[in-house]
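Asks: quick one, what's the 3D model for this:
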Amino acid sequence: MEPLRGADPARIAGYRLLRRLGAGGMGVVYLARSSGGSLAALKVIRAAHSGDPGFRARFRREVETAGRVSSPWVVPLLAADPDAESPWLATAFVPGPSLAEAVEECGPLPYGSVRFLGARLAEALEAVHGAGLVHRDVKPGNVLLAVDGPRMIDFGIARMPEDTALTASGMVVGSPGFLSPEQAQGRGREIGPASDVFSLGCLLAYAVTGERPFGRGSAAEVLVRTVHDEPDLDGVPAELLPLLRDCLSKDSGSRPTVAEIRRTLDEAEPHGRDGEGWLPESLTRLIARGSTAVLSLPAVDATEVSGATTAGALPGDETVPVPEEAPKGSTRRRFLVLGSAAGVLAAGGTAVWWTADRSGRASTQGTRTRPRLPQLVVALHADLSGNHRTVGRAQENGVRLAVEHLNSRADRGFELALQVHDDTGSTTRAERVARQLAADDRVRAVIGPTTDACAKAALDRYQQALLPMVSVSVGLDNVSAFTYRVYAATRPTDGTLAAPLVAHLVRTARARRTVLVDDTAEGDFSWEICTRVSEAMRSGQHTTTRRTLAAKDDAADDFRALAETLTDSGADAVVFAGGYARAAKLARELRSAGYSGTRLATQRALDPGFLTSAGDAAEGWVFSTAFLDPTRVAAAKPFVTAYRKRFNGADPPWYSAEAYDATLFVARAMTTLGASRSERGAIVDRLRDTDYRGITKRLHYTASNTRYNVDGLYLFQASGGRFRWLGQYENATA
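Replies: Numbers count the residues shown, from 1 in each chain. As a prediction, this is how the structure comes out:
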C-alpha cells in the first residue's frame with residue numbers, strides 16, 4: 001500500500017479512499033471504506049480514457065461481466081458506476097498476496113496447498129463458464145490468496161466465446177506463459193472454456209514448482225514454445241502429473257473440463273493438509289501481516305483533495321511522482337545499484353555517490369525527519385499504444401526502474417518525478433505532446449520519442465524551448481547535435497547498422513560474392529544500408545551486386561525470382577535491408593530455392609513475426625542491432641534481477657536497459673548541477689560534459705562524435721526458434 005497522492009480524491013461515491021493499492025495505464029486501484037465500514041478495492045479509470053465512448057462501452061461490459069459471476073472463490077463486485085465522470089467499480093478487498101507474489105516471496109506451494117488451490121479455482125471457473133463466459137486471463141497475478149481459500153479476480157477481458165470483440169483473427173490477448181495455444185496463435189473463435197483449462201494447468205504447474213511450464217524469455221519466445229513445445233513439468237509431484245499433462249494438451253478437445261478437474265483434485269490423496277490451514281505457515285504469516293497493516297491504518301483527513309488533471313493535459317498523460325520512502329516490508333522489491341560498469345566521474349560528480357549501496361538510510365532513520373526534497377520532473381515521450389508500442393513500453397519500464405532506483409537512495413539531492421506521454425506513433429500527436437511539454441516549465445528533460453518520424457516531428461519544439469531530448473531508439477542519420485543542441489541520441493544512427501553486417505561478412509562468413517537487396521518499401525534506410533555495405537566491401541577480394549525489390553504488397557513472384565537469381569549466381573551471402581514481413585518471404589523463397597549461404601538483415605527485420613512467418617527458414621539469419629540482450633550482460637545482472645522482481649518475473653525486453661541508462665544519464669547531469677541549478681539550458685550543456693558508463697554502454701560527447709555512443713552495435717542470430725544475442729559486433733566477429 002502507498003499513501004494517497006496530491007491528485008487523488010478523498011471520496012468516490014459512498015467510499016472513502018484510504019490508500020493506493022496499485023496503478024497502471026488504465027487507472028488506479030485504491031483501498032477504500034464504504035459508509036457501512038467494510039473495506040473494498042476500488043478501481044478508478046483515468047480521465048484520459050473516460051472521454052472515449054468505446055472505452056466506456058468496454059468498461060461497462062467489464063462491470064456487467066463481473067456481476068454475472070457468483071462463486072465463493074470469485075471476488076464479488078460490490079458497486080460500480082460506468083457512467084460517472086471517472087468510471088469506477090468496487091470489489092471486496094482481500095488482504096492477501098497474489099499467487100505470483102506468494103511464490104516470489106515464499107517459494108513454491110506444497111502439494112496439499114496446490115491441490116486445494118486447483119480445486120477451488122476450478123470451482124470458480126465452473127461459475128464463470130456457467131455464466132456463459134471465458135475468463136481468458138487465468139494467471140498467478142489474477143489469483144489472491146486468503147486464509148479460507150483463493151479468490152479469482154479481473155474480468156477485464158472475459159467474454160462470451162462467440163463475442164467478436166476479442167475474436168479477430170491474429171489477435172493475441174492475455175498473458176504469455178499462461179495462454180493456451182489457441183490464444184497464442186490468435187485463433188480467437190476457438191477460445192472457449194478449454195482455453196481456461198490450459199491456463200489453469202500452467203498456473204498450477206507454476207504454483208507447485210515456481211517455474212512456468214513454457215519457460216521465460218520474450219513474449220514471442222514463450223508463445224512459440226506454448227504452440228510447439230511440450231511443457232517442462234520437472235518438479236511436479238507424481239500425483240499431479242497426469243492431470244496437468246491432460247490440462248496442457250495442445251488439442252483443446254482432449255483437455256478435461258473444470259468440473260472434472262475439481263472432482264479429481266477433491267478426491268486426491270490429501271497428503272496431510274486436510275484439517276489444517278490450506279496454506280503453509282509462511283504464507284499465513286504473510287496474510288496476517290497484510291491484515292494487520294490494514295487494521296492499523298491511520299485516520300484520513302476529511303478534507304477533499306482535488307482530482308483535476310494538469311491544465312492542458314492530453315488524453316493518456318500521467319504524472320507519477322515516486323514516494324520518498326519505500327513501503328515497509330518491500331525489501332524484496334528494492335531496486336538495483338549500478339554494477340561494476342557504472343561510476344565514471346562526471347564534471348562535479350562522485351563515483352562514491354553513484355555506486356555506493358544504500359546503507360546510509362538505516363543510520364539516518366530514527367534520528368531525525370528528512371526534510372522534503374525539491375522535485376525535478378522528467379517526461380517519457382513514447383509510442384505506448386501504436387505500432388511500436390512494444391519498444392515504447394519496454395522503454396517506459398526501464399525509465400520507471402531508473403526513477404525508482406534514484407528515489408530509493410538516501411543521499412539523493414532531489415526527488416525525481418515522471419510524466420508519461422503516449423504519442424501513439426502519430427507524428428501529429430508527437431508534435432502536440434512536444435508542444436505541451438515545452439510549455440510545462442516543470443519538465444526539465446524528455447526521454448524519447450520512440451520512432452524516427454515522431455522525433456522529427458517533435459525536435460523543433462524541443463529545440464525552441466531548449467528542452468533536452470534524450471532519445472533511446474531513434475536512429476536519425478541527418479540530424480546534427482550542433483544544429484539541435486537539445487538532441488542527445490543514446491544509440492548509433494541507422495546507417496551505422498551496416499558496420500556489424502560488414503564485420504560478419506568479412507571476418508565470420510569470409511564472403512566473396514555478396515548480393516545487397518535494397519527493399520524500396522523501407523525508403524532511404526534500405527538504400528543507405530546497401531550503399532554503406534557496398535562501399536566498405538569494395539576491394540579485389542570482395543564483390544557486391546545490388547538488387548532492388550519493388551515496394552508492392554503482392555510481390556511473391558519478385559521474391560521467388562530474386563531467390564532463384566541468388567542461387568544461380570553463386571552468391572555466398574545476401575544482405576536484406578527490409579522489414580520483418582518481407583524478410584520472412586525472402587527467407588522462405590531462399591529455402592525453397594536451395595540457397596545455403598549467409599543471410600543478413602538489420603534490426604528492422606528482428607521481430608517475433610519474422611520467426612513465426614519464416615518458420616524453419618529463419619534458422620541461421622544474422623541481424624545487426626543497436627540494442628543488446630541485458631540478460632546476457634554481466635554489468636546488467638542487477639538490472640535484470642530488479643526488472644524481474646518489478647514486472648512479475650518477466651525478462652527485460654530490448655531497449656529497456658538502454659532506457660534505464662538514458663534516464664540515469666540525465667539524472668547524473670542533474671546531480672552534478674544540483675537541484676537549484678538544474679534548468680533546461682544548464683542540463684543541455686551539462687549532458688555534453690557528462691561521461692556516464694552504464695550497464696549497456698558508455699555515454700559521452702566528443703567533438704568528433706556528436707552523438708552519445710561509441711560502441712552500441714550488436715549481432716543477433718535466429719537459432720532454434722528464438723533470437724540469440726551474439727554480443728558486441730567487434731567481439732562477436734573477432
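
Asks: for Met469, which non-adjacent residue is spatially closest?
Replies: Distances taken as C-beta to C-beta, 6 or more residues apart in numbering place Tyr462 nearest to Met469, at 4.5 Å, with adjacent residues excluded. (C-beta placed from N, C-alpha, C; glycine too.)

Asks: can you check Ser98 too?
Replies: Computed as C-beta to C-beta, 6+ apart, the closest residue to Ser98 that is not its neighbour in sequence is Gly141, at 5.1 Å.

Asks: distance check, the one you found against Glu101.
Replies: 8 Å (C-beta to C-beta, to the nearest Å).

Asks: same question for Arg245.
Replies: Arg245 is 28 Å from Glu101, by C-beta to C-beta.

Asks: alpha carbons of the helix or strand harbouring Ala445, as CSV, please.
Replies: Per DSSP states H and E: Ala445 is located in strand 443-447. Below are the C-alpha coordinates for strand 443-447, written out as CSV (Å, rounded to 0.1, in the frame of the first residue of the first chain):
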residue,chain,number,x,y,z
VAL,A,443,9.6,19.4,-17.1
ARG,A,444,13.5,19.5,-17.2
ALA,A,445,14.2,16.8,-19.8
VAL,A,446,12.4,14.4,-22.1
ILE,A,447,13.3,10.7,-22.7
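
Asks: hmm, who's touching the next helix or strand after that strand?
Replies: The helix or strand immediately downstream of strand 443-447 is helix 452-464, counting by DSSP H and E. For helix 452-464, contacts defined as C-beta atoms under 8 Å, 6 or more residues apart in numbering pick out 381, 383, 423, 425-428, 430-431, 433-435, 437-438, 446, 448-449, 468-469, 471, 474-476, 479, 484-487, 494.

Asks: and the next helix or strand past helix 452-464?
Replies: strand 469-471.

Asks: can you give me the mean pLDDT across that following strand?
Replies: Averaged across strand 469-471, pLDDT comes to 95.

Asks: so after that strand, what's the next helix or strand?
Replies: Taking DSSP H and E, what comes next after strand 469-471 is strand 487-489.

Asks: partner strands of that following strand, with direction?
Replies: strand 469-471 (parallel) (DSSP bridges).

Asks: residues in contact with the strand it pairs with: which ones?
Replies: With contact meaning C-beta under 8 Å, 6+ apart, strand 469-471 is reached by 445-449, 455, 458-459, 462, 484, 486-491, 662, 665-666, 687.

Asks: what packs against the strand holding Ala445?
Replies: Judged by 3 or more C-beta pairs under 8 Å, 6 or more residues apart in numbering; DSSP states H and E, strand 443-447 is in contact with strand 375-382, helix 427-439, strand 469-471, helix 656-673, helix 680-689.

Asks: now it: how far from the chain's centre is it?
Replies: 21 Å (C-alpha atoms, centre = their mean, to the nearest Å).

Asks: try stretch 12-28
Replies: Distance, stretch centre to chain centre, for stretch 12-28: 23 Å (C-alpha atoms, centre = their mean).

Asks: same question for stretch 654-670.
Replies: 16 Å.

Asks: any idea of the mean pLDDT for it?
Replies: On average, stretch 654-670 scores 96.

Asks: could you do stretch 237-245 as well?
Replies: For stretch 237-245, the mean confidence score works out to 95.

Asks: list the buried residues for it?
Replies: Using 16 or more other C-beta atoms under 10 Å as the test for burial, stretch 237-245 gives Pro237, Leu240, Leu243, Leu244.

Asks: and the third one, what element?
Replies: Using DSSP H and E, Leu243 maps to helix 241-247.

Asks: what's near enough to touch Ser426?
Replies: Gly386, Cys454.

Asks: where does this structure have its least confident helix or strand?
Replies: helix 351-355 (a mean of 30; mean pLDDT, DSSP states H and E).

Asks: thinking again about what came up before, for the buried residues of stretch 237-245, which one is nearest Gly217?
Replies: Closest to Gly217 out of the buried residues of stretch 237-245 is Leu244 (21.2 Å), distances taken as C-beta to C-beta.

Asks: and that closest one, what does it touch?
Replies: Gly201, Leu204, Ala205, Pro213, Pro231, Leu233, Val236.

Asks: so Gly290 sits in a strand?
Replies: No - using DSSP: H, G, I helix; E, B strand; the rest coil, the assignment for Gly290 is helix, not a strand.

Asks: mind checking the SS state of the closest residue to it other than its chain neighbours?
Replies: Spatial nearest neighbour of Gly290, chain neighbours left out: Pro95 (4.5 Å); criterion: C-beta to C-beta, 6+ apart. Assigned by three-state DSSP, the conformation of Pro95 is coil.

Asks: quick one: low-confidence ranges for the stretch 151-300 of the chain?
Replies: 155-174, 188, 269-276, 292-300 (pLDDT under 70).

Asks: would you map the strands across it?
Replies: Under the criterion DSSP state E, counting those that start in this stretch, the stretch 151-300 of the chain contains no strands.

Asks: which stretches in it count as helices?
Replies: 181-184, 193-209, 219-228, 241-247, 258-266, 281-295 (DSSP state H, counting those that start in this stretch).

Asks: about what we covered before: need the residues that contact the strand holding Ala445.
Replies: Under C-beta under 8 Å, 6+ apart, the answer for strand 443-447 is 376-382, 395, 399, 419, 434, 437, 462, 467-472, 659, 662-663, 666, 670, 678-680, 683.

Asks: hmm, try it at 7 Å
Replies: With C-beta atoms under 7 Å, 6 or more residues apart in numbering as the test, strand 443-447 has contacts from 376-381, 399, 419, 437, 462, 467-470, 472, 659, 662-663, 666, 678, 680, 683.

Asks: who does it pair up with?
Replies: When DSSP bridges is applied, strand 443-447 pairs with strand 375-382 (parallel), strand 469-471 (parallel).

Asks: so how far is Ala718 from the residue nearest to Ala536 when sequence neighbours are not counted?
Replies: Closest residue to Ala536 apart from its sequence neighbours, by C-beta to C-beta, 6+ apart: Val502 at 4.4 Å. Going from Val502 to Ala718 by C-beta to C-beta gives 20 Å.

Asks: same deal with Leu437?
Replies: 39 Å.

Asks: between the two, point out the one with more neighbours.
Replies: A direct count of neighbours by other C-beta atoms under 10 Å for Leu437 and Ala718 places Leu437 higher, at 26 against 23.

Asks: just the CA atoms of the host helix or strand of Ala80, as CSV, please.
Replies: Taking DSSP H and E as the definition, one finds Ala80 inside strand 77-81. Once non-C-alpha atoms are left out, strand 77-81 reads as follows in CSV (Å, rounded to 0.1, in the frame of the first residue of the first chain):
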residue,chain,number,x,y,z
LEU,A,77,-18.5,-6.9,-7.4
LEU,A,78,-19.9,-4.6,-4.7
ALA,A,79,-20.8,-1.5,-6.7
ALA,A,80,-19.9,0.4,-9.9
ASP,A,81,-20.7,3.4,-11.9
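
Asks: which other helices and strands does it contact?
Replies: Judged by 3 or more C-beta pairs under 7 Å, 6 or more residues apart in numbering; DSSP states H and E, strand 77-81 is in contact with helix 53-68, strand 88-92.

Asks: mind telling me which of the ones you listed the model trusts least?
Replies: Looking at the helices and strands packed on strand 77-81, the lowest mean pLDDT belongs to helix 53-68 (a mean of 76).

Asks: so that helix versus strand 77-81, what angle?
Replies: When axes from the mean of the first three to the mean of the last three C-alpha atoms, to 10 degrees is applied, the directions of helix 53-68 and strand 77-81 differ by 150 degrees.

Asks: tell me what helix 53-68 is packed against?
Replies: Checked by 3+ C-beta pairs under 7 Å, 6+ apart, helix 53-68 has strand 77-81 packed alongside it.

Asks: pull up the pairing partners for the strand it packs on, direction included.
Replies: strand 88-92 (antiparallel).
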